[in-house]
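>>> Everything below, folded, please.
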Amino acid sequence: MKKLLAMFAALSITAAPVLTVTACKTSVEKRAKTDLSKAVPNLDLGDIEVKYKNAPPEMYSIFIKLKQLNPDLEPEKEGYVKRFLSMQDLQFKPNVDSTTTKATIRAVPTAHSFTGEITVTYNLVDYKSEKLDLNTLIVNKELGRFGAGFDKAPRIHELWEKIREKNPNTIGSLGFEKFFVDTREGVINNQFQSTIIALDANLAVGQVTVTYETYHTHNSHGDYAHH
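All right, here's what the predicted structure looks like:
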């Protein structure tokens, strides 16, 4: 019995270094971030439609043109891990004023895939004179699933990205600035549906209720756990 115990003790001692080595091999190296200046070659954004030409455009208007003119920023059509630029990755550079012709934009410190900054140029033009009808813009009202982290009603710019994805021919490069989510009493606005209405009746008319699903985490079976 003493010999057996001695053998088990020896095996335990020799096994410990092997387990340590195995643990080291399973560590995952953090992926290096891409500098915005290398990821965004087209910095002249051309015309950006705005309501007021005497003020700098909103980030969303700039973001849409960036994606439109730099298609490599779009997510890959295949593959589980997608490397692409989202509006949440960007901010106007602090202490540098944007103008009616240019803006300096940087990646936020928490951006997953990008770092650095870029300066974009543009030409502000008036919105088209004819009124937009939401019912003709948003034909496909079922938006599908939102990504991880959405456990409540999405905000207007988040909804608008999904609306654009599902209605590319009618939305085009139109930004969300003319519209907002109706949150008045009696209007349903939760993690399953939202009603989009026009911000200014002189610019757009109509209202549309879009439906979607949100999820936050995966359960033990690999399915999405809804909230």
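>>> Can I get stretch 126-133 in PDB? Just the C-alpha atoms.
C-alpha atoms of stretch 126-133 as PDB (Å, rounded to 0.1, in the frame of the first residue of the first chain):
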ATOM      1  CA  ASP A 126     -30.100  70.900 -48.700                       C
ATOM      2  CA  TYR A 127     -32.500  68.000 -48.300                       C
ATOM      3  CA  LYS A 128     -34.600  67.300 -51.300                       C
ATOM      4  CA  SER A 129     -37.600  69.700 -51.500                       C
ATOM      5  CA  GLU A 130     -40.200  67.000 -51.800                       C
ATOM      6  CA  LYS A 131     -41.600  65.500 -48.600                       C
ATOM      7  CA  LEU A 132     -40.600  61.900 -47.800                       C
ATOM      8  CA  ASP A 133     -43.300  59.400 -46.900                       C
END
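>>> Just give me how far that stretch sits from the chain centre.
26 Å (C-alpha atoms, centre = their mean, to the nearest Å).
>>> What of stretch 157-177?
How far stretch 157-177 lies from its chain's middle: 13 Å, per C-alpha atoms, centre = their mean.
>>> Using CSV, list the CA coordinates for that stretch.
Extracted in CSV, the C-alpha atoms of stretch 157-177 (Å, rounded to 0.1, in the frame of the first residue of the first chain):
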residue,chain,number,x,y,z
HIS,A,157,-29.9,55.5,-35.1
GLU,A,158,-29.7,51.8,-34.2
LEU,A,159,-33.1,51.1,-35.7
TRP,A,160,-32.2,53.1,-38.8
GLU,A,161,-29.2,50.9,-39.6
LYS,A,162,-31.4,47.9,-39.5
ILE,A,163,-34.1,49.6,-41.5
ARG,A,164,-31.5,50.5,-44.1
GLU,A,165,-30.3,46.9,-44.3
LYS,A,166,-33.8,45.7,-44.9
ASN,A,167,-34.8,48.5,-47.3
PRO,A,168,-31.7,49.4,-49.2
ASN,A,169,-33.4,50.5,-52.4
THR,A,170,-35.7,53.0,-50.8
ILE,A,171,-33.5,54.3,-47.9
GLY,A,172,-30.3,54.6,-49.8
SER,A,173,-27.9,57.0,-48.0
LEU,A,174,-30.7,58.8,-46.2
GLY,A,175,-29.8,59.6,-42.6
PHE,A,176,-32.1,59.3,-39.6
GLU,A,177,-32.1,63.0,-38.7
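>>> Sounds good, over and out.
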